[in-house]
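In: quick one, structure for this:
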Amino acid sequence: MTRTVFVASLALALTLSSAARAQVDLQPVDPDATLVEELVVTARLPGPAWWRVMDGDTTVYVLGTPSIAPKRQAWNTVIFDRRLQGATQVILPFNGLKVRLAGAPGAAFSYLRLKSSKPFEEGLEGAARSRFVAARTKVGQPADHYKIRHPLAAGLTLINDYRDKTGLTTTDPTKLIAYLARRSKVRVVQRAYDLGPLLGQIAKTPQSAGQTCLDEAIQDVEEGPGGVLAASRAWADGDVMGALAAERTYERCLAATPGALAFDGRVKGDMVADITAALKTPGHAIAVVQLRPLLSQGGVLDRLRSAGFVVKTPGED
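Out: Reported below is the predicted structural model:
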């Protein structure tokens, strides 16, 4: 595994997590664990569920999306196409990851501390070793692919390999939405973040928390993609509760990563700021937000309501 691939793997997994500060003696706090129940509503219109944020003569239509889905997930785009017409902008979840190891010595040092001259499984014994070997065999990777010290890094690498093997992605349907918006010459707003400083904290994650991540990753491999596929179908049908069923996989254990709580808050705050800015322009715009961060207490819609904006659910006229 090359340095670039390894770092990108860790960066991608970190960006998808809704995480909190490390706690050694307690289970990490998940900021998206509790949903705002009145916002979890089945869609009235065909296709995926939409929420609306309104301020006077301006509306931002918010499409909630799954955190992971099969590649090229099919969904009814009729409502999206209609709302794209005349939209002032389309606000997307952040992408375009920037990891500048040269400017973040902690990240480079973390990488060196996570590397190993031996396969990860050689440090395991008995049932734990057998279970890990079975999982990495199932995703089609040799032992040398996991020359890693920390169980957190092993878990992140394993789950990324599993997703590649089973055709799951974290970029759909956002990638399609970006294409459709640009094709229609609608302005796209999408932030990027430098994850170097956050990567520099990975090696400081407690081993026990890293083991929890690895266990979650192995469990995902053992169970297969059936749950994700069912949740994706529910999302496409506007069944919000069904879509949320597969929203919390191994990512929640990344709550143990130091600095992740601040990063999570920053991402949500920036999305709220972008939607707020869009509400200053008369007309309408579109925003795309993953379901859990959108609907949780302290999430995007909760913050917008607290700021005084009107929020309508998918079940309201």
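In: now stretch 128-141: how far from the chain's centre is it?
Out: Relative to the centre of its chain, stretch 128-141 is centred 25 Å away, using Cα atoms, centre = their mean, to the nearest Å.
In: give the contact list for the residue of the chain positioned farthest from its centre.
Out: Going by Cα atoms, centre = their mean, the residue of the chain most distant from its centre is Gly126, 33.1 Å out. Contacts for Gly126 (Cβ atoms under 8 Å, 6 or more residues apart in numbering) come out as none. (C-beta placed from N, C-alpha, C; glycine too.)
In: renumber starting at 17 from here on
Out: That works, and once the first residue is 17, the last one we named lands at Gly142.
In: distance check, it against Val304.
Out: Gly142 sits 45 Å away from Val304, going by Cβ to Cβ, to the nearest Å.
In: with Met257 instead?
Out: Applying Cβ to Cβ to Met257 and Val304 gives a distance of 20 Å.
In: before we move on, what about Asp177?
Out: 27 Å.
In: can you list the buried residues in whichever helix or strand Gly226 is part of?
Out: Per DSSP states H and E: Gly226 is located in helix 223-239. For helix 223-239, a neighbour-count test (16 or more other Cβ atoms under 10 Å) marks Ala225, Gly226, Gln227, Thr228, Cys229, Leu230, Asp231, Glu232, Ala233, Ile234, Asp236, Val237 as buried.
In: quick one: distance of it to the chain centre.
Out: When distances are taken as Cα atoms, centre = their mean, helix 223-239 is centred 17 Å away from the chain's centroid.
In: before we move on, what about stretch 174-193?
Out: A distance of 11 Å separates the centroid of the chain from that of stretch 174-193, by Cα atoms, centre = their mean.
In: can you give me the strands for the stretch 217-333 of the chain?
Out: With strands called from DSSP state E, counting those that start in this stretch, the stretch 217-333 of the chain shows them at 299-306, 326-328.
In: any chance of these in JSON lines, with mean neighbour count and distance to Leu61 too?
Out: Compiled in JSON lines, the strands of the stretch 217-333 of the chain are given as follows (neighbours: other Cβ atoms under 10 Å; distance: least, Cβ to Cβ, whole Å):
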{"stretch": "strand 299-306", "mean neighbour count": "22", "distance to Leu61": "15"}
{"stretch": "strand 326-328", "mean neighbour count": "16", "distance to Leu61": "12"}
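In: out of those, which is closest to Ala103?
Out: Comparison of the strands of the stretch 217-333 of the chain against Ala103 by Cβ to Cβ identifies strand 299-306 as nearest, at 5.3 Å.
In: helices or strands up against that closest one?
Out: strand 74-81, helix 94-100, strand 106-108, helix 190-199, helix 276-294 (3 or more Cβ pairs under 8 Å, 6 or more residues apart in numbering; DSSP states H and E).
In: quick one, the fourth one and strand 299-306 angle?
Out: Here helix 190-199 runs at 160 degrees with respect to strand 299-306, directions being taken by axes from the mean of the first three to the mean of the last three Cα atoms, to 10 degrees.
In: so Val106 makes contact with Val205?
Out: Yes: taking contacts as Cβ atoms under 8 Å, Val106 lies within contact range of Val205: 7.1 Å.
In: so for those two, which sits in the more crowded spot?
Out: Taking neighbours as other Cβ atoms under 10 Å, Val106 and Val205 compare with Val106 leading, 26 against 17.
In: just give the closest residue to the more buried one, not the sequence neighbours.
Out: Ala197 (4.1 Å; Cβ to Cβ, 6 or more residues apart in numbering).
In: tally of neighbours for that neighbour?
Out: Here the count is done by other Cβ under 10 Å, and Ala197 has 23 residues near it.
In: can you check the one 4 residues further on too?
Out: Here the number of neighbours of Lys201 (other Cβ under 10 Å) works out to 6.
In: make a markdown table from the buried residues of helix 223-239 and add pLDDT and distance to Ile84 to it.
Out: As requested, the buried residues of helix 223-239 are arranged in a markdown table below (pLDDT from 0 to 100; distance: Cβ to Cβ, whole Å):
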| residue | pLDDT | distance to Ile84 |
| --- | --- | --- |
| Ala225 | 85 | 21 |
| Gly226 | 87 | 21 |
| Gln227 | 91 | 22 |
| Thr228 | 87 | 19 |
| Cys229 | 87 | 16 |
| Leu230 | 92 | 18 |
| Asp231 | 93 | 18 |
| Glu232 | 90 | 13 |
| Ala233 | 92 | 13 |
| Ile234 | 96 | 17 |
| Asp236 | 93 | 10 |
| Val237 | 96 | 14 |
